[in-house]
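Visitor: Please find the sequence and the predicted model below.
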Amino acid sequence: MSPLITVDELRAQAERPVLIDSTWNLAGPPGKEAYDAGHLPGAYFVDLDTELSGPLGPGRHPLPAATTVTATFRRTGISADTPVVVYDASNSTAAARAWWIFRYFGVRDVRVLDGGLAAWEAAGGEVTTDVPADSVSTFTATPGHIPMLDADGAAAVAASGVLLDARAPERFAGEVEPMDPVAGHIPGAVNAPTTANVDSTGHFLPTADLQARFTDLGVDNTSEVAVYCGSGVTAAHEALALEVAGIPSTVYIGSWSEWITDPTRPTAKGND
């Protein structure tokens, strides 16, 4: 089953899954403001900074604590086997983080609404400002249900497999760095800007096109594939695109913002 779900598929489901709105903007305004202005009926808001991430350091969006995720699951009524659909404003960057975090902490059936709220509205879908009441669940989140890399693991993949860097080309090359104190990339990584995974409407490219994109980047069925970005958000989007393409991958969740906290770790600049 595809990790994506279309608006038509969501509408056709006889039993509505738990809907999660994870809208988030790196430079603001807060995603909660967009949620309050209108969201899918019945959708719960989950905040990327406080529920899908832990406190700063090391890295800008480290893993949240299991207790934090447990609280989110319980107020939204999610258990291990609950069907869940996550979405954001359009291109699924934040939704992909929720997709990855929920699965890592034990939810088995999580899909991303392709095109997000924008696609829903474009298809005439209703939006509301009503906020659903807290639900009930006794589920306890536990980490480790899908694999994750640390810095050493990312370095190993860069040396022997394919380590994809999901950031913009100028950040990969170290020409600019608006977020972190050190510019550049992990030596041996390959630049694969996550913006190229979707079209102008925020929908993911067709499977065959994604497969061709990753093949051109050196991904094949013989090497381990891992992904990272600045802080583990767009890396999840890259992992989602790879999943759509049928390519397994592992996320270095700490990403560049964690990598650079150890001055003994090497860095590279340019396009090599």
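Guide: Received, thanks. Numbering: from 1, shown residues only.

Visitor: State the mean pLDDT of stretch 30-37.
Guide: What stretch 30-37 shows for mean pLDDT is 93.

Visitor: Oh, that last question was meant for stretch 225-236, not what I typed.
Guide: 98.

Visitor: before we move on, what about stretch 125-138?
Guide: On average, stretch 125-138 scores 96.

Visitor: and it, which residues are buried?
Guide: 132, 137 (16 or more other C-beta atoms under 10 Å). C-betas here are computed from N, CA, C, even on glycine.

Visitor: One more: stretch 116-125?
Guide: So, applying 16+ other C-beta under 10 Å, buried residues of stretch 116-125: 116-121.

Visitor: can I get those in TSV with pLDDT, secondary structure and distance to M179?
Guide: Shown next, in TSV, are those (pLDDT from 0 to 100; DSSP: H, G, I helix; E, B strand; the rest coil; distance: C-beta to C-beta, whole Å):
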residue	pLDDT	secondary structure	distance to M179
G116	98	helix	23
L117	97	helix	25
A118	97	helix	25
A119	98	helix	28
W120	98	helix	30
E121	97	helix	30
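
Visitor: got the end-to-end distance for stretch 185-204?
Guide: Stretch 185-204 has an end-to-end distance of 26 Å (criterion: C-alpha to C-alpha, to the nearest Å).

Visitor: same deal with stretch 56-74?
Guide: 24 Å.

Visitor: And the contacts of it?
Guide: By C-beta atoms under 8 Å, 6 or more residues apart in numbering, the surrounding residues in contact with stretch 56-74 are 46, 48-55, 78-79, 97, 101-102, 104-105, 107, 135-143, 148, 179-180, 230-233, 253-255, 257-258, 261.

Visitor: among the residues you listed, which ones are buried?
Guide: Using 16+ other C-beta under 10 Å, the buried ones in those are 46, 48, 51-53, 78-79, 97, 101-102, 104-105, 107, 137, 139, 141, 148, 180, 230-233, 253-255, 257-258.

Visitor: Give me the subset of the contacts of stretch 56-74 lying in strands.
Guide: M148 (DSSP state E).

Visitor: which stretches of this structure form helices?
Guide: Here the chain has its helices, by DSSP state H, at 7-12, 31-37, 66-76, 93-104, 116-122, 151-160, 169-172, 207-216, 234-244, 255-259.

Visitor: Can you lay out those as a markdown table showing distance to P187?
Guide: A markdown table is the format used below for the helices of the chain (distance: least, C-beta to C-beta, whole Å):
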| stretch | distance to P187 |
| --- | --- |
| helix 7-12 | 42 |
| helix 31-37 | 34 |
| helix 66-76 | 33 |
| helix 93-104 | 25 |
| helix 116-122 | 35 |
| helix 151-160 | 6 |
| helix 169-172 | 12 |
| helix 207-216 | 21 |
| helix 234-244 | 17 |
| helix 255-259 | 10 |
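
Visitor: Any idea which of these gets closest to I20?
Guide: Closest to I20 of those, according to C-beta to C-beta: helix 93-104, at 5.9 Å.

Visitor: Now do the closest one: which elements does it pack against?
Guide: Packing contacts for helix 93-104, counted by 3 or more C-beta pairs under 8 Å, 6 or more residues apart in numbering; DSSP states H and E, involve strand 84-87, strand 110-113, helix 234-244.

Visitor: mind redoing it with 10 Å?
Guide: strand 18-21, helix 66-76, strand 84-87, strand 110-113, helix 116-122, helix 234-244, strand 250-252 (3 or more C-beta pairs under 10 Å, 6 or more residues apart in numbering; DSSP states H and E).

Visitor: give the contact list for I186.
Guide: Contacts for I186 (C-beta atoms under 10 Å, 6 or more residues apart in numbering) come out as 151, 154-155, 157-158, 163, 165, 172, 228, 252, 255-256, 259-260, 265-268.
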